[in-house]
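>>> sequence first, then the predicted structure, then my questions.
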Amino acid sequence: MHKLTRLNNDLTIITDRMPNTNSLAIGFWLKTGGRYEPENLQGISHFLEHILFKGTKTRNYKQLKQAVEGVGGVFNAFTAEEYTCYYIKIVSGYLEHAIDILSDMVLRPLFDEKEINKERNVIIEELRMYMDLPSQYVHELLDELLWPGHPLGRSLLGTYDTISAIKRNDLVRYKERYHIPPNIIVAACGNIEHDAVVALLQKVFKEKERKAGIGFKKATRRQKIPKINFYHKDTEQTHICLGIHGLNRLHPDRYAQSILNVILGGNMSSRLFNEVREKRCLAYEIGSGIRKYVDTGALFVHAGVDNSKADEAISVIISELTKLKNKQVSKKELTQAKEYYKGQLLMGLEDPISNMMFLGEQISSAGVLFTKDGIVSGIEKVDFDDIKRVATALFINSSLNMAIIGPQKQKDKIGIREKFRF
């Protein structure tokens, strides 16, 4: 049973008690991420995430790790476009300990100049690593096409230039701007009591002057024709990422889009897996996914194919998208897709850390909570007409984008361009 409390200083606390577990998961969610960053500070949210692990005013970086791992726990963090999360999973009796460590990191980082410069080099190596992974980097190239000139179209890691230029004072100011109670959501799940979590957090976040949260630039869409970005690299495979402007996180048709995605490429029973991999053997990796933000979204297809068969694979993908527009899905497909979606949701929520992620992501990005029962009900209501209507609305030429990494020559590019349209 979810319980939510908002303190007088606007700190939000949400919990879900899971009494039959031996552990708890707690996350501090900050409403800041890639799309909050000015262009000259691109990558600062992720940079700050790294720095918070490098020590606080009371613990050095070794003591932070040992404080969690020394009692059997694990902790980590990640940066996304609309939020950053720092989390711990630990044995249930260590709730106060976990809150002490996370609040120490989030509120009292040391910002040691030497550690900042060392970590700058680590992040630059991380940048190089992802650029050497075409299956990952192709997604960034697609984002540039979907949201050109917008923070959503930029890398969360930043660039060599921005990471090299970010100074200690930039990190301090960014932390002071966003690490404030109205911008923080604490989500906790497991063998815990809501009132105990609230009482501990009230001690940490004492009453102070409230500050307004800082917003971000809304996404706009001006695309009129299909767009392709060819990135030449002498790879053994051609890496394809095809993307279409999709629905935002709160759109009334969000459940229909989710079921559409499952049918298209969400699992091994999907159309793309069967057509591209099983029947034609064009790819080892093939699938689709969804990105959802407050004001925009995308549906994408990703694949790694033989260099000489990229045009054939793209034709098959476009054909499968077109079929979803023009022909009603079968009753069996619709039923299986719904059951798969519901099963994945319900099984995931059996784990405290997945449950914590489920709660924290919704509250930090959308500001509302859709319960598992509400989501299941929404999924069950999706019908044949919903799938066809959403496919018809989304799968249009003026929404079509594709990034390709591979060794394609000019004649190959011409052939691909000719086939890249509905």
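Okay, I see it.

>>> from now on I want contacts and neighbour counts done on CA atoms only, so please keep to that.
OK.

>>> part of a strand, is residue 370?
No - counting by DSSP: H, G, I helix; E, B strand; the rest coil, residue 370 is not part of a strand but coil.

>>> let's see the pLDDT reported for it.
Residue 370 carries a pLDDT score of 92 in this model.

>>> contacting residues for it?
residue 362 (Cα atoms under 8 Å, 6 or more residues apart in numbering).

>>> may I have the phi/psi pair for it?
Main-chain dihedrals, residue 370, degrees, to the nearest 10: phi -100, psi 120.

>>> would you check how far apart it and residue 255 are?
To residue 255, residue 370 is 12 Å away according to Cα to Cα, to the nearest Å.

>>> sec struct for residue 284, please.
At residue 284 the chain is in strand, as set by three-state DSSP.

>>> my guess is residue 239 meets residue 138, correct?
Yes - Residue 239 is within contact range of residue 138, at 6.9 Å (criterion: Cα atoms under 8 Å).

>>> name the helices or strands packed onto the host helix or strand of residue 49?
Element membership for residue 49, per DSSP states H and E: helix 44-51. Helix 44-51 is packed against strand 74-79, helix 113-131, helix 168-178, with contacts defined by 3 or more Cα pairs under 8 Å, 6 or more residues apart in numbering; DSSP states H and E.

>>> most packed of these?
Stretch with highest mean neighbour count among those: strand 74-79 (a mean of 17; mean count of other Cα atoms under 10 Å).

>>> okay, the angle between it and helix 44-51?
Per axes from the mean of the first three to the mean of the last three Cα atoms, to 10 degrees, the angle that strand 74-79 makes with helix 44-51 is 160 degrees.

>>> average pLDDT for the helix holding residue 49, rounded please.
For helix 44-51, the per-residue pLDDT averages 98.

>>> now do stretch 238-252
97.

>>> got the buried residues for that stretch?
Going by neighbour count (16 or more other Cα atoms under 10 Å), the buried part of stretch 238-252 is 238, 239, 240, 241, 242, 243, 244, 245, 246, 247, 248, 249.

>>> sorry, back to before: overlap in contacts of residue 239 and residue 138?
Common neighbours of residue 239 and residue 138 (Cα under 8 Å, 6+ apart) are 404, 405.

>>> ok, now which ones touch the closest residue to residue 115 other than its chain neighbours?
Distance criterion Cα to Cα, 6 or more residues apart in numbering; nearest residue to residue 115, sequence neighbours excluded, is residue 54 at 6.7 Å. Listed by Cα under 8 Å, 6+ apart, the contact set of residue 54 reads 60, 61, 109, 110, 111, 115.

>>> so can I have JSON lines of the residues you listed showing secondary structure and pLDDT?
Converted to JSON lines, the contacts of residue 54 look like this (DSSP: H, G, I helix; E, B strand; the rest coil; pLDDT from 0 to 100):
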{"residue": "60", "secondary structure": "strand", "pLDDT": "95"}
{"residue": "61", "secondary structure": "helix", "pLDDT": "94"}
{"residue": "109", "secondary structure": "strand", "pLDDT": "97"}
{"residue": "110", "secondary structure": "coil", "pLDDT": "96"}
{"residue": "111", "secondary structure": "coil", "pLDDT": "97"}
{"residue": "115", "secondary structure": "helix", "pLDDT": "96"}
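
>>> now render the residues you listed as a markdown table, adding distance to residue 46.
Compiled in a markdown table, the contacts of residue 54 are given as follows (distance: Cα to Cα, whole Å):
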| residue | distance to residue 46 |
| --- | --- |
| 60 | 20 |
| 61 | 17 |
| 109 | 15 |
| 110 | 17 |
| 111 | 14 |
| 115 | 15 |
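
>>> separate out the buried members of those.
Looks like those have 61, 109, 110, 111 buried, using 16+ other Cα under 10 Å.

>>> mind checking the SS state of residue 148?
Under three-state DSSP, residue 148 comes out as coil.

>>> could you report the neighbour count for residue 219?
When neighbours are defined as other Cα atoms under 10 Å, residue 219 has 18 of them.

>>> quick one, phi psi at it?
phi -80, psi 140.

>>> need the strands for the stretch 201-350 of the chain, in chain order.
Along the stretch 201-350 of the chain, counting by DSSP state E, counting those that start in this stretch, strands occupy 227-232, 237-245, 283-292, 297-306.

>>> now, of the ones you listed, which is deepest in the fold?
By mean count of other Cα under 10 Å, those have strand 237-245 as the most buried, with a mean of 25.

>>> in what helix or strand does residue 53 lie?
Per DSSP H and E: residue 53 is located in neither a helix nor a strand.

>>> just to revisit the earlier point, any idea how far the residue nearest to residue 115 is from residue 402?
Distance from residue 54 to residue 402, by Cα to Cα: 39 Å.
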